[in-house]
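A.B. asks: sequence and computational prediction follow.
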Amino acid sequence: MIIGQPIWPRSLSSRWVVALATLGPVGKVKKAPGTLGSLAGLFYFTVFFEPLSWWLTLLLTLPMLYLAVAICGEAEVRLGLRDPGMVILDEFVVMPLCFLGWQALPDLPDRWSIHTPWIIFLIGFGFFRLYDITKPLGISRLQTLSSGWGVVADDVAAALATCATLHTLGWVLESFI
């Protein structure tokens, strides 16, 4: 069963749809709008999700994913472009998924004298951008899904790949260092 594009955003003005999809002026920046959207998403995560458990983070992210599918899909229609770079709501809302269970990651050794959470967040941000840009592991095929589903699904996969990478790195650090 294929789920179609939500129709409720059709009642919104183009101004609102595009503003939401681009996070206002953030997505309209000429250089690296996806990176800026991801950075905004990292801030969103640290303010609203950082202290939460993995399951509560997942539960609260699901409605935001639906919102992103609806708005990003409608923005494609209004802009007449397929997954335009300026549409960054998808990068923004998936960022909490990169850090599911991050509290379980090991602390860095004291000799490194680095505040561990920010290192985890920066490494996670870097891996997310790498996976979002290069789209390895079949992530690129997800973009072929119709409308907003294709816009958001590849970012969800990149975020989950980032989460798996962080936990793998954490296991390696804990086991071998």
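C.D. replies: Good, I have the coordinates. Numbering: from 1, shown residues only.

A.B. asks: all helices for the chain, in order.
C.D. replies: Applying DSSP state H to the chain gives helices spanning 14-21, 33-44, 54-79, 89-98, 116-134, 147-176.

A.B. asks: and those helices: which comes nearest residue 8?
C.D. replies: helix 54-79 (6.5 Å; C-beta to C-beta). (Glycine included, C-beta is placed from N, CA and C.)

A.B. asks: that closest one - contacts with which helices or strands?
C.D. replies: Contacts defined by 3 or more C-beta pairs under 8 Å, 6 or more residues apart in numbering; DSSP states H and E place helix 54-79 against helix 14-21, helix 89-98, helix 147-176.

A.B. asks: hmm, back to that, can I get the helices of the chain in CSV with distance to residue 4 and mean pLDDT?
C.D. replies: Converted to CSV, these look like this (distance: least, C-beta to C-beta, whole Å; pLDDT from 0 to 100):
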stretch, distance to residue 4, mean pLDDT
helix 14-21, 17, 97
helix 33-44, 25, 97
helix 54-79, 9, 96
helix 89-98, 18, 97
helix 116-134, 25, 92
helix 147-176, 7, 91
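
A.B. asks: before we move on, back to that, mind checking which of the helices and strands packed on helix 54-79 is nearest residue 138?
C.D. replies: Nearest of the helices and strands packed on helix 54-79 (C-beta to C-beta): helix 147-176, 7.9 Å.

A.B. asks: residue 82: neighbouring residues, count only.
C.D. replies: 10 (other C-beta atoms under 10 Å).

A.B. asks: hang on, it packs against residue 73?
C.D. replies: No - counting by C-beta atoms under 8 Å, residue 82 stays clear of residue 73, with 10.7 Å between them.

A.B. asks: ok, which of the helices and strands packed on helix 54-79 comes nearest residue 55?
C.D. replies: Of all those, it is helix 89-98 that lies closest to residue 55, at 12.0 Å by C-beta to C-beta.

A.B. asks: angle of that closest one against helix 54-79?
C.D. replies: 170 degrees (axes from the mean of the first three to the mean of the last three C-alpha atoms, to 10 degrees).

A.B. asks: how big is the angle separating helix 89-98 from helix 116-134?
C.D. replies: Going by the same axes, to 10 degrees, helix 89-98 makes 130 degrees with helix 116-134.
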